[in-house]
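Engineer: the sequence isn't on hand, but the structure is:
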């Protein structure tokens, strides 16, 4: 058992100030993939069981933008943990427990 959490942002730099139409392509693909994820104002966090799955999502994300974007920026952070699962929820719940906040 393994948990691979990825926080990433990917967007074109040649499409002006608002890139939400391009980001939404990637988020739709992640949503359809079935992996648990959280969209945030600064990026998206996704959890998978293997590095291969995460790397595949990165590749698919780029390929969605490549046809009409000449320059794509991406920042990626990974948290790879053996013997764990459901870290997307559990990590937040652990902190909320420490501060006395009840999770929904």
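Structural biologist: Thanks, I have the structure now. Keep in mind that this is a model prediction, so the values were computed, not measured. Residues are numbered from 1 along each chain as shown.

Engineer: what are the ranges of the helices in this structure?
Structural biologist: 20-33, 51-65, 87-98 (DSSP state H).

Engineer: now mean neighbour count, mean pLDDT and distance to residue 77 too, for the ones you listed, in TSV please.
Structural biologist: Heads up, the C-betas are built off the backbone N, CA and C, glycines and all. Converted to TSV, the helices of the chain look like this (neighbours: other CB atoms under 10 Å; pLDDT from 0 to 100; distance: least, CB to CB, whole Å):
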stretch	mean neighbour count	mean pLDDT	distance to residue 77
helix 20-33	14	98	16
helix 51-65	16	98	11
helix 87-98	13	91	13
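
Engineer: which residue packs closest to residue 11, ignoring adjacent ones?
Structural biologist: Excluding its sequence neighbours, the residue lying closest to residue 11 (CB to CB, 6 or more residues apart in numbering) is residue 19, at 4.4 Å.

Engineer: that neighbour and residue 81, how far apart?
Structural biologist: 31 Å (CB to CB, to the nearest Å).
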